[in-house]
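> the following block contains a protein sequence and its predicted model.
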Amino acid sequence: MQRLGIVPTQIVNFRVSDARPAVGQTITFTGCLQWHVWPCVGGGIDDVLVNLLKDEVKVGDDYTEGGGWFEIQWSADRVGTYRFKARFDGTWNWMPCSSQEITVTVLTPEQKAEEERRFWLTVAGVAGGVCVAALIGVGLYLEHERRMRMLAMVAARRGKA
């Protein structure tokens, strides 16, 4: 049996490009494998294999590079909700570790289109509200400036009289 490493590791910044993809869509999981010895925050670990697990079954892998970063793509094949995590199995000098779980819900293309439509309607509503508020603010400012100019003119006339 191989003895695994002595230096603790951790997977940080584990993210997914879209947690609600449509069937057939490819999403990307990214993260960074680091060594970690308290109280020091370590550096990235390059050239080691990190696995992507979907409901505890390996569905992809990638070698770390550029300071411990990895990027693993997965194509959504069936509608459903799945739990993903990244796992490093360890080496002779690095201890094994896992990331936190990310829940991904795969939608039908119709559900995804409806979700995106609702999102953009919400954005448009918020943006519209912000624009209206900005226009009201500009109008109030212009009215304030007009009144200040009128008061300055009245004060100037009173000073001459």
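Looks like it came in fine.
> and the longest strand along the chain, how far out from the chain middle?
When the chain is scanned for its longest strand (criterion: DSSP state E), the result is strand 26-37. Relative to its parent chain, strand 26-37 has a centroid offset of 13 Å by C-alpha atoms, centre = their mean, to the nearest Å.
> just the angle between the helix or strand hosting Arg83 and strand 26-37, please?
Taking DSSP states H and E as the definition, Arg83 sits inside strand 80-88. In terms of direction (axes from the mean of the first three to the mean of the last three C-alpha atoms, to 10 degrees), strand 80-88 departs from strand 26-37 by 40 degrees.
> mind listing what's buried in strand 80-88?
82, 84-88 (16 or more other C-beta atoms under 10 Å). (Glycine included, C-beta is placed from N, CA and C.)
> for Gly5, give me its contacts.
Gly5 sits next to 90-95 when contact means C-beta atoms under 8 Å, 6 or more residues apart in numbering.
> dump the buried residues of strand 80-88 to TSV, plus pLDDT and distance to Thr28.
What follows is the buried residues of strand 80-88, written out as TSV (pLDDT from 0 to 100; distance: C-beta to C-beta, whole Å):
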residue	pLDDT	distance to Thr28
Tyr82	98	15
Phe84	98	12
Lys85	98	15
Ala86	98	12
Arg87	98	17
Phe88	97	18
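> of these, closest to His144?
Closest approach to His144 among those (C-beta to C-beta): Phe84, at 54.8 Å.
> which two in the contacts of Gly5 are spaced the farthest apart?
Most distant of the contacts of Gly5, by C-beta to C-beta, are Trp92 and Met95, 10.6 Å apart.
> sorry, back to before: tell me which strands and helices the strand holding Arg83 is in contact with?
Here strand 80-88 touches strand 9-16, strand 26-37, strand 49-54, strand 69-75, strand 97-98, strand 102-106, going by 3 or more C-beta pairs under 8 Å, 6 or more residues apart in numbering; DSSP states H and E.
> ok, Trp92 and Met95, which is more surrounded?
Comparing Trp92 with Met95 by other C-beta atoms under 10 Å, the one with more neighbours is Met95, at 16 against 9.
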